[in-house]
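> model this:
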Amino acid sequence: MPPAPKLDKTRNIGIIAHIDAGKTTVTERVLFYTGRVHKMGEVHDGEATMDWMLEEKERGITITSAVTSCSWRGHTINIIDTPGHVDFTIEVERSLRVLDGAIGVFCAVGGVEPQSETVWHQADRYKVPKIAFINKMDRVGADFYRVVEMIKTRLGASPLVLQLPWGAEDSFKGVIDLVTMKAVRWDDEAFGAEYREEDIPDELMEEAIHYRDLMIETVADKNDLVMEKYLAEEDIQPGDLRQAIRAVTTGLKLVPVFCGAALRNKGVQLLLDGIVDYLPSPLDIPAIVGRHPSSDKEEARHADAKGPFSALAFKVMMDQGRKMTYLRVYSGAVKVGDVVYNPGRNIKEKLSRLLKLHSNKRERIETASAGDIIAAMGLKITSTGDTLCTEDSPILLEPMQFKDPVISVAIEPKSIQDNDKLLDVLGKLSDEDPTFKFKIDEETGQTVISGMGELHLDILVSRIKREFFVDTNRGKPQVVYRETITKAVEQKEVFDREIAGQQHFAGVKIRLSPLARGSLNSFVDRCENPALTEEFLNAIAQGVSEAEAGGALMGYPMIDIQTSLLDVDIRETSDAMAFKIAATMAFKSACQKADPMLLEPIMKTDILVPEEFVGEVISDLNQRQGKIEQLSKKGAIQLITARLPLSKMFGYSTSLRSVSQGRGTFSMQFSHYDKT
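Numbers count the residues shown, from 1 in each chain. Prediction:
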């Protein structure tokens, strides 16, 4: 087995972007030029190495984050290729949580697209240093300078242009490297594996000098060493410049910008140089901070293979029915057969196998240490976001935060015999994906699955069939309505019947009155008959309560009603059972006369949308019978607070994306019941 790489020569990076910006194609070229694969797979052919799931090959999109590693200039680069579709942001979220650096890939035509903003801000939240790669410079409409400006305005980032494109669209030849002041041209016949440095063409020299001066000024503003040489008008060597750029990049002050055309095999090797030169090793980032599980005292774990072991489980996958847990090791070392401690669940588990990953292929390893991203088998209870450590040096790292699902559908097996199997499968899928939930609705008996969008649920249902061989039917979940009354009525009922040779009698007079929405139900004793015992009163209250469970219109539960007991009629043959039945009869008869009506669930909905789309979003909400309650500004984003009927919210995630060009997000929670 090859020796473990030194920590200063390790890079843990993720590739993040909007869907179709070319992330997976960039990753394929990286693997090819580093010798990790010997054939470049194309996304459009369904042969990309990192898109290994059948659903990914069919749809040409990345669904699950895939891990691989390769070598460049003596450095080990661990790469996570993440999805670009908004429905799978969980994959980006948990990847960024454990990465040291990221490459933001932008389309030279589309620029900073909606999902680019989302994933970029996720990386900002985790303080992940980034470099930008402007891809597809060969496409019609490619505009490098426009995208750089969008990075500045839309993302609030400070781009540092290190390369200029040499031509664009059909005439894209290569790049101008501003650090070395050389032109770099790729050989098309060698699949871009060979490239050569040339002198910068005369027609581009003036522009190159301008942008190099701008680059040095920008770096000097953030770095003292370059500032001194700049003020002294000394010549700044490429080595000094790279060192300074690395410092400002890992310090989250600037974002180096590269460009190329991955599909045409141009620009990827210099991007690899940028990963090695400018993105941090595990030693360059601050120590991971957690808390002692007993004392709650803050503790730090430095990236040191000789320190106490600590790792974060950031993903769970089912591998041929067995649970495989992805780990990022932050400190210490661990080997096969070790017993590790999970302080969050207060359990110990044994590592039966450790695996190094290359997409869906695995290589067994015996040990893992600080800086490694690996998979482990044997962890039966450990779940996404759990910390693993040693029992004698426990630490609880900050857990991962996941968004709540925003869309639900009902699901059932086509064969009744598959019911238990379906529930077992749903349990496994929810272990894998914390943004996927399922429940059995107590009132309708439906199994309801919830996720981040319609595509998310489509793919999960497809996996249920393909991987677990369970055919299902899907439909909208049944909305659970409520019923109430609209006017006060009085009703008297007498129950007088012989049952099993024994006479039972009870007379009950009640008044039903409507209450304000959200008041629930109440029962008031206004009876002044001294013969009313506590036993009979309790029986009447129980009869009313049972009657409230099924309304007069469609059998939904009754709410917001006050039931007042006005009088009772008691004889020698009266008993509790008779009073309970009489009360139920009186309540149901009264409801029929009190003009009952349906109430539907109203959801409090918060919508975040860029200012330019507020009009379209409000118009859409009005069509859905929404009531706008508040508009408030958060920077360039508007927060719209509204209340909408749940029945009008199905498909809203798709509709919101449509009217906001994919840039709007929303969350909703139950507010109250109100009339339909």
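
> Name the SS class of the residue lying farthest from the centre of the chain, please.
Computed with C-alpha atoms, centre = their mean, the residue of the chain farthest from its C-alpha average is Glu572, at 67.2 Å. For Glu572, the assignment made with DSSP: H, G, I helix; E, B strand; the rest coil gives coil.

> Now it: phi and psi?
Comment: the main-chain dihedrals of Glu572 come out as phi -60, psi -30, following degrees, to the nearest 10.

> Which pLDDT value goes with it?
Confidence at Glu572, expressed as pLDDT, is 89.

> That one and Asn538, how far apart?
Noted for Glu572: a distance of 20 Å to Asn538, by C-beta to C-beta, to the nearest Å. The C-beta positions use only the backbone N, C-alpha and C, and glycine is treated the same way.

> Show me what the longest helix anywhere in the chain packs onto, helices and strands only.
What stands out as the longest helix in the chain, according to DSSP state H, is helix 202-222. Contact here means 3 or more C-beta pairs under 8 Å, 6 or more residues apart in numbering; DSSP states H and E; on that basis helix 202-222 packs against strand 159-161, strand 163-166, helix 224-231, helix 238-250.

> Looking at the ones you listed, which one is packed in the most?
Ranked by mean neighbour count, these are led by strand 163-166 with a mean of 24 (mean count of other C-beta atoms under 10 Å).

> Can you tell me, leaving aside adjacent residues, what's nearest to Leu646?
What sits nearest to Leu646 in space, not counting adjacent residues and going by C-beta to C-beta, 6 or more residues apart in numbering, is Pro601, at 4.4 Å.

> where's that neighbour, which helix or strand?
Per DSSP states H and E: Pro601 is located in strand 596-610.

> For that strand, list every residue counted as buried.
Pro596, Leu599, Glu600, Pro601, Ile602, Met603, Thr605, Ile607, Leu608, Val609, Pro610 (16 or more other C-beta atoms under 10 Å).

> With distance to Glu298 and pLDDT as extra columns, can I get the residues you listed in CSV?
Putting the buried residues of strand 596-610 into CSV (distance: C-beta to C-beta, whole Å; pLDDT from 0 to 100) gives the following:
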residue, distance to Glu298, pLDDT
Pro596, 58, 93
Leu599, 49, 90
Glu600, 48, 88
Pro601, 43, 86
Ile602, 43, 87
Met603, 39, 84
Thr605, 37, 86
Ile607, 37, 86
Leu608, 32, 82
Val609, 38, 86
Pro610, 38, 86
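
> Return the member of these nearest to Leu160.
Within the buried residues of strand 596-610, proximity to Leu160 (C-beta to C-beta) peaks at Pro610, which comes in at 26.1 Å.

> got the contact list for the closest one?
The contact partners of Pro610, by C-beta atoms under 8 Å, 6 or more residues apart in numbering, come to Ala636, Ile637, Gln638, Ser660, Arg663, Gly664.

> Give me the subset of those lying in strands.
Of those, the ones assigned to strands by DSSP state E are Ile637, Gln638.

> Can you say which of the contacts of Pro610 are buried?
In terms of neighbour count (16+ other C-beta under 10 Å), the buried residues within those are Gln638, Ser660, Arg663, Gly664.

> Can you lay out the residues you listed as TSV showing distance to Val544 and pLDDT?
Compiled in TSV, those are given as follows (distance: C-beta to C-beta, whole Å; pLDDT from 0 to 100):
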residue	distance to Val544	pLDDT
Gln638	47	84
Ser660	49	88
Arg663	52	80
Gly664	46	82
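
> Looking at these, which is nearest Leu160?
The shortest gap between Leu160 and any of those belongs to Arg663, at 25.9 Å (C-beta to C-beta).

> wait, isn't that closest one in contact with Glu117?
Yes. Using C-beta atoms under 8 Å, Arg663 is in contact with Glu117, at 6.9 Å.

> Which of the helices or strands spans Met150?
Using DSSP H and E, the element containing Met150 is helix 144-155.

> Report the mean per-residue pLDDT for that helix.
Average pLDDT, helix 144-155: 93.

> by contact count, what packs against that helix?
strand 101-107, helix 114-125, strand 130-135, strand 159-161, strand 255-259.

> Partner strands of the last one, with direction?
Under the criterion DSSP bridges, strand 255-259 sits next to strand 130-135 (parallel), strand 159-161 (parallel) in its sheet.

> can you pull the contacts of the residue nearest to Leu646?
Each residue near Pro601 by C-beta under 8 Å, 6+ apart is listed here: Val479, Val480, Tyr481, Pro645, Leu646, Phe670, His672, Tyr673.

> now do Ile77
Applying C-beta under 8 Å, 6+ apart, the residues near Ile77 are Arg11, Ile13, Val30, Thr34, Ser69, Cys70, Ser71, Leu272, Ile275, Val276.

> SS state for the first one?
Under three-state DSSP, Arg11 falls in the strand class.

> burial count for it?
Around Arg11 there are 25 other residues, counting by other C-beta atoms under 10 Å.

> Can you verify my assumption that it contacts Asp100?
Yes. The criterion here is C-beta under 8 Å, and Arg11 meets it with Asp100 at 7.0 Å.

> Okay, domains of this protein per the record?
Per the TED database, the structural domains of the chain span 12-278, 288-397, 407-475, 482-594, 600-675.

> Run the chain-centre distance for the third one.
Spelled out, that is domain 407-475. Put simply, domain 407-475 sits 18 Å off its chain's centre (C-alpha atoms, centre = their mean, to the nearest Å).

> If we ignore the residues flanking it in sequence, what's nearest Gln269?
Across the structure, with C-beta to C-beta, 6+ apart as the measure, the residue nearest Gln269 apart from its sequence neighbours is Tyr33 (5.7 Å).

> Please disregard the earlier target; I meant Arg362.
Nearest one to Arg362, counting by C-beta to C-beta, 6+ apart, is Leu355 at 4.2 Å.

> Quick one: end-to-end length of stretch 127-137, please.
The first and last residues of stretch 127-137 sit 29 Å apart, counting by C-alpha to C-alpha, to the nearest Å.

> Now it: buried residues?
Going through stretch 127-137 with 16+ other C-beta under 10 Å, the ones that come out buried are Val128, Pro129, Lys130, Ile131, Ala132, Phe133, Ile134, Asn135, Lys136, Met137.

> between the residues you listed, which is closest to Ala410?
Sorting these by how near they are to Ala410, with C-beta to C-beta, puts Val128 at the top with 38.7 Å.

> ok, so what distance separates the closest one from Lys437?
From Val128 to Lys437 the distance is 28 Å (C-beta to C-beta).
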